[in-house]
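J.: Here is my input; please provide its structure:
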Amino acid sequence: MVVAIMAIAGAVVVPQMLQAGAFRSQAAARVVIADLLYAQNDAIAAQAPRRIMFEPNLNRYRLTDEQGTTLTANWMAGGDTGANYLVDFAADSRFSGVQLTSADFADTTTLEFDDLGSPSSGGSVELASTSVQYRINVAPFTGRVTIESVTP
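T.: The predicted structure follows:
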């Protein structure tokens, strides 16, 4: 009886544990999409350019103003007023095993939204884990954000 219960539990739990990398990649992709949309909307609200500077070699990205100063977001660190708007996949345990493999926006890793919310160019960001890879696309002119699963 105990062996049967262990077998059933193993059949349910083990596949879920194997999919943990996929769930982390999905979470990371959702965060990137949300931050792209945040930067676009903040550019419109502030009537000033906003940039997202991707650093694939450091496995992170940050949101900045037009001078390159990293934005602060009080809500990101539980109300800490000095929290910089930096997302570091290597340092954040929620994204363990997720790699920012590339970012390409017209031969640069920086995307800028103008005061009307239009992107400087179209392009894409790729995230990968051991089991899944996602490409987040930003359309030129409109800034429409889409996501697709990429076969590694």
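J.: Do you have the strands of the protein handy? List them.
T.: 50-55, 60-65, 86-88, 99-104, 110-113, 123-128, 133-138, 145-150 (DSSP state E).
J.: between these, which one is nearest to Asp42?
T.: strand 50-55 (5.2 Å; C-beta to C-beta). All C-beta spots, glycine's among them, are computed from the backbone N, C-alpha and C.
J.: What are the buried residues along the closest one?
T.: Neighbour counts over strand 50-55 (16 or more other C-beta atoms under 10 Å) mark Arg50, Arg51, Ile52, Met53, Phe54 as buried.
J.: repeat for stretch 37-44
T.: Residues Tyr38, Ala39, Gln40, Asp42, Ala43 are the ones in stretch 37-44 that count as buried (16+ other C-beta under 10 Å).
J.: Next: stretch 60-72.
T.: Arg60, Tyr61, Arg62, Leu63, Thr64, Leu71.
J.: Please tabulate those in CSV, including the columns pLDDT.
T.: Shown next, in CSV, are the buried residues of stretch 60-72 (pLDDT from 0 to 100):
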residue, pLDDT
Arg60, 94
Tyr61, 95
Arg62, 93
Leu63, 94
Thr64, 93
Leu71, 88
